[in-house]
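1. Next comes the sequence, and after it the predicted model I'd like to discuss.
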Amino acid sequence: MDKVFKALSDASRRQLLDQLRSDNGQTLGQLCKHLDMSRQAVTKHLKLLEATGLVVTVWRGREKFHYLNPLPIQEIADRWIDKYERGRLCVLAELKKNLEGENDG
């Protein structure tokens with residue numbers, strides 16, 4: 001779990017995970033199009049995310065596709081968040097988004 005927390009502490013890696021969350025199953029080239037990082041930097045971050053299990057890869061022919069694996073994040077939620085009232089936390093998070101103008105809808 002320490003490795004997952006460390007991986008999530010980096011904004012660039014969170015940005016990669018967000019990109020995969022919005023469009024799962026991307027190649028390195030596809031990921032690089034949406035990020036302001038060099039190809040080498042994206043590769044380095046992906047390797048670390050793979051090592052933590054947050055990203056899994058599947059080879060199809062010569063192409064390597066990257067997929068978000070939410071299980072490590074769910075394990076963190078189960079351990080740390082479920083001890084609190086999830087419903088109340090969701091309401092507070094939604095209120096925060098609305099007050100900060102981050103509403104997706």
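-> Noted; the coordinates are in hand. Numbers count the residues shown, from 1 in each chain.
2. The residue of the chain most remote from its centre and Arg88: what is the separation?
-> Of all residues in the chain, Gly61 has its C-alpha farthest from the mean position, at 25.4 Å, by Cα atoms, centre = their mean. Going from Gly61 to Arg88 by Cβ to Cβ, to the nearest Å gives 48 Å. The way it works is simple: take the backbone N, C-alpha and C, and place the C-beta from them, glycine included.
3. show me what contacts the residue nearest the centre of the chain?
-> What sits nearest the mean C-alpha location of the chain, by Cα atoms, centre = their mean, is Leu17, with 2.6 Å. By Cβ atoms under 8 Å, 6 or more residues apart in numbering, the contact set of Leu17 is Leu8, Leu49, Leu54, Val55, Leu68.
4. any idea which element it lies in?
-> helix 11-22 (DSSP states H and E).
5. Give me the buried positions along that helix.
-> Arg13, Gln15, Leu16, Leu17, Gln19, Leu20 (16 or more other Cβ atoms under 10 Å).
6. And those, which is closest to Gln40?
-> Leu16 (13.8 Å; Cβ to Cβ).
7. Would you mind confirming that the closest one makes contact with His45?
-> Yes: using Cβ atoms under 8 Å, Leu16 is in contact with His45, at 5.6 Å.
8. Tell me where the chain has helices.
-> If you assign secondary structure with DSSP state H, the helices in the chain sit at 2-8, 11-22, 28-33, 39-52, 71-76, 86-100.
9. I'd like the ones you listed laid out as a markdown table, including mean pLDDT.
-> Formatted as a markdown table, those follow (pLDDT from 0 to 100):
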| stretch | mean pLDDT |
| --- | --- |
| helix 2-8 | 92 |
| helix 11-22 | 96 |
| helix 28-33 | 95 |
| helix 39-52 | 97 |
| helix 71-76 | 90 |
| helix 86-100 | 84 |
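10. ok, so what distance separates Gly87 from Ala93?
-> 11 Å.
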